[in-house]
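Enquirer: have a look at this prediction, sequence included:
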Amino acid sequence: MQAARDFSHYVRDLGSGLSHLDLAVEGVNCAGCMSKIERGLSALPNVTLARVNLTDRRVALEWKEGALDPARFIDRLAELGYKAYPFEPVQAEAIETEQANFLLRCLGVAAFAAMNVMMLSVPVWSGSVTDMIPEQRDFFHWLSALVALPAAAYSGRPFFRSAFRALGAGGTNMDVPISIGIVLALAMSVAETIHHAEHTYFDAALMLITFLVAGRYLDQSMRRKTRAVAANLAALKAETATKFVGVDEVCEVPVAAVRAGDIVLLRPGDRSAVDGTVVDGQSSIDQSLITGETLPAKAGPGTAVYAGMLNLSGALRVRVAATSEGTLLAEIGRLLENAVQARCRYVQLADRASRLYAPIVHAAALLTMLGWVAFGASWHEAIVTAISVLIITCPCALGLAIPAVQTIVSGAMFRTGVLLNSGDAIERLAGVNKVVFDKTGTLTLPELDVANAADIPQDVFDLAGQVALGSHHPVAAAVARAAGARTPMAGVEEVTGQGVRGVFNGLEVRLGRPSFCGVEELANELLFRDPECSVVGFRSGDARHVFAVRQNLRPDAVASVAALRQYGIDVEILSGDREPAVRHAAGQLGIHQWRAGVTPADKIARIDELKQLGFKVLMVGDGMNDAPALAAANVSMSPSSATHLSQATADMVFLGDRLAPVVAAIEFSRKALRLMRQNLWLAAGYNLLAVPVAIAGLATPLVAAAAMSGSSMLVVLNALRAQRRDRGAD
Amino acid sequence: MEVLVFLVPLALMLGLIGLVAFLWSLKSGQYDDLEGAGWRAIEDDEAERETRAQ
């Protein structure tokens, strides 16, 4: 039974009789898909716009209001071979888009002004050796001022704002010396123009702004792309609930449209998208995403249900609770809040560098001025020389040194399947020397798999897979998946709470509880050897088999843990699951430090203890119970299958079934930190060469322009090296 | 040299036109999907494809 789908929550009314809907589409990655989708959707009647955004992997749709059911779009896309999901536009994303457009406007204005002022500067520079008369030079200087002042006031705003904010908070950051440099360069140039002097620095100030805004825009657009993909992932998880709209009438609605007090239906095999209490029905539920516990628990009227729980056997009716009512959630929320507050503010490398850099440079400028006066120069001459020291040391290279590396590394991480949530995560990740893993869903795959597949004859396996397709139970689904079954056996009947049975070649075939199939002995034997697996019995005529179904380790877990060790990183497991299950996984991975049955509060306590011992801790976890620990650790990662809360808390999200992205992210971040340091040294080295020239009063605008663009190129080229992985690339 | 009085403002004006064009293209959303825009340029036109299909 397919419930009616209600997408009205996502549809935006544009006015003038048009409706708008954004869909996240899976598998759009080439020009062919783009035109196929656009043509396919435009062919629907009354559609006025169907446009694919290849960068964000989304499609925007507009149609005449009420003329079309939005579900038609999703069906049409399914016909074309694409999975699409309605997508909730997030406020944060709109702000980011606005920010990106603001930076682009600043970049456009700065680049326009820089080019035109340079065009005016070149005649002045070459005029000084030919026959340009002072009046013409003054005319060119005034024109430059006319272009440069409004342009700098407009396009320098990203730096001025951030500098004011830092100063207002009583601190300093990289934008403070940048702003001082820009403002002083412009002020001096205006003063020099008034005094008919030979040198002005309008072009240098504008070039500085152009380079820095370009760097900032690239950084921003990389982060925006990551954020868009992360938001798509959230949409692809299809967070819908089946809500009762009448006594026995249900409708599929997005979770955001469910209110406290609503009754929703949880079918066997459904993952709950809401928190609430069971009002009707009996079932067993898998709460591994919430607590890490892999053994199913009984559920009946009165049982609390949390978002992320998997319903295993019977249909449940759940009354939706307001989030704060759930005791477990309230507890996790409280811990999470404390952990976020306790998180010490990490001072970024760029800000640390600017704390060192600004006083030194400003002191050098001051000493230059005093020195020149002491040696008998006029105050005017001394001030001009001092400001030229500030301009030439202007943190052009310094301002690009770190953002350039960050942009390129976050791009490289993106391609290996790691999405960055926070900008300084790269730096924090580079210092990690201890990784704490959650077990369920992190070291193991979130889906169940058949553990003893090798012991079962192929024909039995195939047959069992076909029978299993007749059941919604997740354990049966695991058998079907492992067998690669596609076609369900005809006439299979489900016996509630027991299993499924059908007829094959005149013999009865059964799959389900061991008692249902008469294989208790075999099952007990298996359970004795591997106590934390679930067993499924299978009987076909007289042949009897037992499948051991369990969460398997991620395919490269052993290799990844070994790789982490090679980097000198300790590995530890903190799991909410029972001891035998954790012991087994730890044994397979060769991890000696592990704790089982850990509560969210215990996880935080252990992480704080590790931090106190001087470890820099990376926490990797997916469950709701991991969220506080993710916030408490120095840096954190979640798989893309994690709960919403964990993903939002983690600094990074990694995609796919493998743990390799975790190792790759650490590798990349270490390399990035090395390159950032190198870039800072390059910038410092450049200043060591340029500053004496400026102090001696030999810096002309031409020298400043050449030196600044040269050093910026150098750090950007060095940052490009971050794309390559050192070793073990795959 | 008097010609500068015309040429320099003219040069600035041309630059300004470029800037205005850039700001317009930004506002009309032409920088929203840089990856897709690259592919659209080499796509066959809608009309052309239909005539070929017939």
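Expert: Sure thing, it's come through.
Enquirer: bridged to A:I263, which residues?
Expert: Bridge pairing for A:I263 (DSSP bridges) gives the partners A:R319.
Enquirer: so it versus chain B, what's the distance?
Expert: 41 Å (C-beta to the nearest C-beta, to the nearest Å). The C-beta positions use only the backbone N, C-alpha and C, and glycine is treated the same way.
Enquirer: for A:V450, same thing?
Expert: 41 Å.
Enquirer: for that residue, the count of nearby residues, please.
Expert: A:V450: 25 surrounding residues under other C-beta atoms under 10 Å in any protein chain shown.
Enquirer: dihedrals phi and psi, it?
Expert: phi -80, psi 120 (degrees, to the nearest 10).
Enquirer: quick check, pLDDT for it.
Expert: Per-residue pLDDT puts A:V450 at 83.
Enquirer: spatially nearest residue to it, not counting backbone neighbours?
Expert: Nearest residue to A:V450 in three dimensions, chain neighbours excluded: A:A482, at 4.0 Å (C-beta to C-beta, 6 or more residues apart in numbering or on different chains).
Enquirer: got it, and A:M188?
Expert: Nearest to A:M188 is A:I387, by C-beta to C-beta, 6+ apart, at 4.6 Å.
Enquirer: in this structure that neighbour contacts A:S189, no?
Expert: No: in this structure, A:I387 is not within contact of A:S189 by C-beta atoms under 8 Å, at 9.2 Å.
Enquirer: which of those two has more neighbours?
Expert: Between A:I387 and A:S189, counting by other C-beta under 10 Å, A:S189 is the more crowded of the two (26 against 23).
Enquirer: point me to the helix or strand that includes that one.
Expert: helix A:175-194 (DSSP states H and E).
Enquirer: what lies in contact with stretch A:361-378?
Expert: A:177, A:180, A:379, A:381-383, A:385-387, A:389-390, A:393, A:687, A:691, A:694-695, A:697 (C-beta atoms under 8 Å, 6 or more residues apart in numbering or on different chains).
Enquirer: now do 7 Å
Expert: For stretch A:361-378, the external contacting residues (C-beta atoms under 7 Å, 6 or more residues apart in numbering or on different chains) are A:177, A:379, A:381-383, A:385-386, A:389-390, A:393, A:691, A:695.
Enquirer: are any of these buried, and which?
Expert: A:177, A:382-383, A:385-386, A:389-390, A:393, A:691, A:695 (16 or more other C-beta atoms under 10 Å in any protein chain shown).
Enquirer: check those residues one by one and keep those near chain B.
Expert: Taking C-beta under 7 Å from any C-beta of the partner chain as the test, chain B is in contact with none of these.
Enquirer: what's the lowest-pLDDT member of those residues?
Expert: Lowest confidence among the buried ones among the contacts of stretch A:361-378: A:T393, with 79.
Enquirer: okay, now the unreliable bits of chain B?
Expert: By pLDDT under 70, the low-scoring segments of chain B are B:1, B:44-54.
Enquirer: average pLDDT for stretch A:487-504?
Expert: Throughout stretch A:487-504, pLDDT has a mean value of 79.
Enquirer: buried set for that stretch?
Expert: Result for stretch A:487-504 [16+ other C-beta under 10 Å]: buried residues A:488-489, A:492, A:494, A:499-502, A:504.
Enquirer: one more: stretch A:276-290?
Expert: A:276, A:278, A:281-290.
Enquirer: chain B: which of those residues is nearest?
Expert: A:L289 (34.0 Å; C-beta to the nearest C-beta).
Enquirer: after the helix or strand hosting that closest one, next one along is what?
Expert: Taking DSSP H and E as the definition, one finds A:L289 inside helix A:288-291. Using DSSP H and E, the next helix or strand after helix A:288-291 towards the C-terminus is strand A:297-299.
Enquirer: output the lengthiest strand in chain A in PDB with nothing but the alpha carbons.
Expert: Looking across chain A with DSSP state E, the single longest strand is strand A:543-553. This file holds the C-alpha atoms of strand A:543-553, laid out as PDB (Å, rounded to 0.1, in the frame of the first residue of the first chain):
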ATOM      1  CA  ALA A 543      17.100 -29.400   4.500                       C
ATOM      2  CA  ARG A 544      17.700 -27.000   7.400                       C
ATOM      3  CA  HIS A 545      20.000 -24.100   7.700                       C
ATOM      4  CA  VAL A 546      20.600 -21.100  10.000                       C
ATOM      5  CA  PHE A 547      21.700 -17.700   8.900                       C
ATOM      6  CA  ALA A 548      23.700 -15.600  11.300                       C
ATOM      7  CA  VAL A 549      22.900 -12.000  10.600                       C
ATOM      8  CA  ARG A 550      24.900  -9.200  12.100                       C
ATOM      9  CA  GLN A 551      26.500  -5.800  11.500                       C
ATOM     10  CA  ASN A 552      29.700  -6.400   9.800                       C
ATOM     11  CA  LEU A 553      32.800  -4.300  10.100                       C
END
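Enquirer: what residues of that strand count as buried?
Expert: Buried residues in strand A:543-553 (16+ other C-beta under 10 Å): A:544-553.
Enquirer: the residues you listed: which ones sit near chain B?
Expert: Okay, of the buried residues of strand A:543-553, nothing touches chain B (C-beta under 7 Å from any C-beta).
Enquirer: now render these as TSV, adding pLDDT.
Expert: Formatted as TSV, those follow (pLDDT from 0 to 100):
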residue	pLDDT
A:R544	84
A:H545	85
A:V546	86
A:F547	85
A:A548	84
A:V549	82
A:R550	80
A:Q551	80
A:N552	81
A:L553	86
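Enquirer: let me have the residues you listed in JSON lines, adding distance to A:D262 as columns.
Expert: As requested, those are exported to JSON lines (distance: C-beta to C-beta, whole Å):
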{"residue": "A:R544", "distance to A:D262": "45"}
{"residue": "A:H545", "distance to A:D262": "43"}
{"residue": "A:V546", "distance to A:D262": "41"}
{"residue": "A:F547", "distance to A:D262": "38"}
{"residue": "A:A548", "distance to A:D262": "39"}
{"residue": "A:V549", "distance to A:D262": "34"}
{"residue": "A:R550", "distance to A:D262": "35"}
{"residue": "A:Q551", "distance to A:D262": "32"}
{"residue": "A:N552", "distance to A:D262": "37"}
{"residue": "A:L553", "distance to A:D262": "39"}
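Enquirer: for the residues you listed, which one is nearest A:H196?
Expert: A:L553 (77.5 Å; C-beta to C-beta).
Enquirer: so which bits of chain B are right by chain A?
Expert: B:8, B:11-12, B:15, B:18-19, B:22-23, B:26, B:31-36, B:39, B:43.
Enquirer: farthest-apart pair in the buried ones among the contacts of stretch A:361-378, please.
Expert: Using C-beta to C-beta for every pair in the buried ones among the contacts of stretch A:361-378, the one that comes out farthest apart is A:P177 and A:A382, at 20.7 Å.
Enquirer: who are the packing partners of the lengthiest helix in chain B?
Expert: For chain B, the helix with the greatest residue count under DSSP state H is helix B:4-27. If contacts are counted by 3 or more C-beta pairs under 7 Å, 6 or more residues apart in numbering or on different chains; DSSP states H and E, helix B:4-27 sits against helix A:91-127.
Enquirer: average model confidence for the following helix or strand past the helix it packs on?
Expert: For helix A:91-127, the succeeding helix or strand toward the C-terminus, using DSSP H and E, is helix A:134-155. Mean pLDDT, helix A:134-155: 90.
Enquirer: in the helix holding A:S189, which residues are buried?
Expert: Buried, per 16+ other C-beta under 10 Å, within helix A:175-194: A:175-186, A:188-190, A:192-193.
Enquirer: just stretch A:584-600 next, same as before
Expert: In stretch A:584-600, counting by 16+ other C-beta under 10 Å, buried: A:584-586, A:589, A:591, A:594-596, A:598, A:600.
Enquirer: ends of that stretch, how far apart?
Expert: 22 Å (C-alpha to C-alpha, to the nearest Å).
Enquirer: now the helix or strand where A:A214 lies: average pLDDT?
Expert: Assignment of secondary structure by DSSP H and E places A:A214 within helix A:202-236. If you average the pLDDT over helix A:202-236, you get 82.
Enquirer: what's downstream of it, the next helix or strand?
Expert: strand A:240-244.
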